[in-house]
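J.: Got a predicted structure here, sequence first:
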Amino acid sequence: MHDVVARTRPPGRWAWLVVIAQGLVLASWLPRLGREEGGLAVLMVCLSGLLVVSGVILAVIDLRTTLVLTDDALILERRWRPRRVRRDAVRAVDGDVHGRPSWSEAVVITVDGRDRPLRLGPFDVHARVLIPRLQEWAGVGDAVADDRATAPPPR
């Protein structure tokens with residue numbers, strides 16, 4: 001099984017808006033390079049040029065994350081820092097609003113061997129749909145079982 005469950009949203013048109021706006025700023029400062037305000041013009045041309053290049057990179061390169069379920073692992077496929085979580089290491093799956101998946105914006109996964117939970121999202125599929133699916137896949141609930149609740153009382 002190799003099931004693509006969700007993807008993060010692609011960058012919107014705002015990325016191209018940043019490129020256009022900074023391109024206009026760059027074009028307005030280029031003629032000022034030879035004048036008396038040359039120091040400020042150099043700074044503004046460098047900053048605007050950097051923002052134009054960064055905006056083009058963010059708008060063109062696909063930096064989205066894909067959430068994939070396999071038989072034995074949950075895989076976050078992303079360009080940098082891909083993550084693999086073994087199925088048997090998942091202790092609990094819940095939303096960022098505990099006990100209210102319909103209110104949650106992100107999925108929170110409690111994993112063995114980590115001092116803090118793994119927060120996933122926002123994806124194109126809402127957390128209220130992802131949480132039950134991931135709970136069923138992992139065979140867990142929304143809370144980690146407390147060992148003290150099942151332990152015999154002290155003597």
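T.: That came through, no problem. Numbering: from 1, shown residues only.

J.: so where do the helices sit in this structure?
T.: 14-29, 38-60, 127-138, 147-150 (DSSP state H).

J.: just these: most buried one?
T.: helix 127-138 (a mean of 18; mean count of other CB atoms under 10 Å). Just so you know, the C-beta spots here come from the backbone N, C-alpha and C atoms, and that holds for glycine as well.

J.: Run through who's touching that helix.
T.: 5-6, 67, 69, 74, 87, 90, 93-96, 101-102, 104-107, 109, 120-121, 123, 141-142 (CB atoms under 8 Å, 6 or more residues apart in numbering).

J.: hmm, back to that, can you put the helices of the chain in JSON lines and add mean pLDDT?
T.: Formatted as JSON lines, these follow (pLDDT from 0 to 100):
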{"stretch": "helix 14-29", "mean pLDDT": "88"}
{"stretch": "helix 38-60", "mean pLDDT": "87"}
{"stretch": "helix 127-138", "mean pLDDT": "89"}
{"stretch": "helix 147-150", "mean pLDDT": "46"}
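
J.: Out of those, the one nearest M1 is which?
T.: Nearest to M1, of all the helices of the chain, is helix 127-138, at 9.5 Å by CB to CB.
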